[in-house]
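A.B. asks: Model the structure of this input:
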Amino acid sequence: MKIVFLLLLTTLLMSGCTSGGSTRSESISVGSQYYPTTNYVELFFGAYNGNKQYEQISFIEVLGGRRSKTDELLKELRRKAKSVGADAVIDIRKGRRMRKENDSALLVLSIAAGEDSSHTSQEYRSDTLQGIAIKYLD
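C.D. replies: Residues are numbered from 1 along each chain as shown. Alright, predicted model coming up:
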């Protein structure tokens, strides 16, 4: 049993020790239509002023990690938009949200010692990007 615990602890320590601190994204489809992935996505901060007709296909949010930079968030926003088949993302807005980061190694040690594990996490503000993925109709 001690060997298994030590292997688990070593694995956690070597894997970066934290969870919750990475950049992640999610999308919520507007309709039931499926679109193949795209190779290029335009980004528009604010209203779309172009002359192409479009339909909204998804709402996308990117949540940064503890030290994420805006260019990393934009890269993830573009990657997520490509994966849902978008031609562009419009009305992009930057925001902030509270996140919690857990130190997995401290959590395991606290549980093993029978101690309070509430001190194994930290809250921090994370930058976010939100936008509406669109598909051009022409």
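
A.B. asks: where do the helices sit along the chain?
C.D. replies: Taking DSSP state H as the criterion, the chain contains helices spanning 2-14, 70-83, 104-113.

A.B. asks: Identify the residues contacting the second one?
C.D. replies: Helix 70-83 is touched from outside by 23-27, 37-41, 43, 58, 60, 62, 64, 88-89, 92, 94, 127-129, 131, 133, with contacts defined as Cβ atoms under 8 Å, 6 or more residues apart in numbering. All C-beta atoms are positioned from the backbone trio N, CA, C, and that covers glycine.

A.B. asks: The same query, at a cut-off of 6 Å, please.
C.D. replies: Residues outside helix 70-83 that contact it (Cβ atoms under 6 Å, 6 or more residues apart in numbering) are T23, S25, S27, T37, T38, V41, I60, V62, G64, V89, L129, A133.

A.B. asks: count of residues packed around I57?
C.D. replies: When neighbours are defined as other Cβ atoms under 10 Å, I57 has 22 of them.

A.B. asks: Quick check: pLDDT value at it.
C.D. replies: The score at I57 is 96. That number is its pLDDT.
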